[in-house]
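**Student:** the amino acid sequence is not available; the structure is as follows:
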């Protein structure tokens, strides 16, 4: 994915692939990620890892034929967060462990 573009200069994107919860106080108030500029072979894996890092723990399975192209947009306003996910058909599965490790404020 393209490098995160936080809305404040002091915000930083965590390392790709981290599985930390998204409630980190250092998290950017606005984040845009896209797989468009990545090599086709890397797109889905980068999308999946960033989904898990910035949204919630889940096993994401690509169901689309052809090349994957996805994006994640997040906007935080105080304790409220809004996300827009654009991706080909995919299956998002959460296990009991994913649920127990998740953010209780997630709805």
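**Tutor:** Yes, it's here. Everything numeric here is computed off the predicted structure, so don't read it as measured data. Residues are numbered from 1 along each chain as shown.
**Student:** every contact and neighbour count from this point should use C-alpha atoms.
**Tutor:** OK.
**Student:** helices or strands up against the longest helix that the chain contains?
**Tutor:** In the chain, ranked by residue count with DSSP state H as the criterion, the top helix is helix 40-54. Under the contact criterion of 3 or more CA pairs under 8 Å, 6 or more residues apart in numbering; DSSP states H and E, the helices and strands touching helix 40-54 comprise strand 59-62.
**Student:** okay, now the sheet partners of the strand it packs on, with direction.
**Tutor:** For strand 59-62, the pairing partners within the sheet under DSSP bridges are strand 90-93 (antiparallel).
**Student:** now do the strand it pairs with: everything it contacts.
**Tutor:** By CA atoms under 8 Å, 6 or more residues apart in numbering, the list of residues contacting strand 90-93 from outside reads 58-64.
**Student:** next: stretch 62-70.
**Tutor:** Contacts with stretch 62-70, where a contact means CA under 8 Å, 6+ apart, come from 34-36, 40, 43-44, 47, 85-91.
**Student:** which one of these has the most neighbours?
**Tutor:** Neighbour counts for these, by other CA atoms under 10 Å, peak at residue 47, which reaches 24 neighbours.
**Student:** quick check: that residue vs residue 96, distance?
**Tutor:** Here residue 47 is placed at a distance of 22 Å from residue 96 (CA to CA, to the nearest Å).
**Student:** just checking, residue 33 is part of a helix?
**Tutor:** No. Assignment of residue 33 by DSSP: H, G, I helix; E, B strand; the rest coil gives strand, placing it outside any helix.
**Student:** show me where pLDDT drops low in this protein?
**Tutor:** When the per-residue scores of the chain are filtered using pLDDT under 70, the ranges that remain are 1-28, 98-99, 101-107.
**Student:** how about a cut-off of 90?
**Tutor:** Segments of the chain classed as low confidence (criterion: pLDDT under 90) are 1-31, 52-59, 63-67, 76-81, 92-107.
**Student:** okay, strands next: where are they in it?
**Tutor:** Under the criterion DSSP state E, strands of the chain are mapped to 30-34, 59-62, 71-77, 80-86, 90-93.
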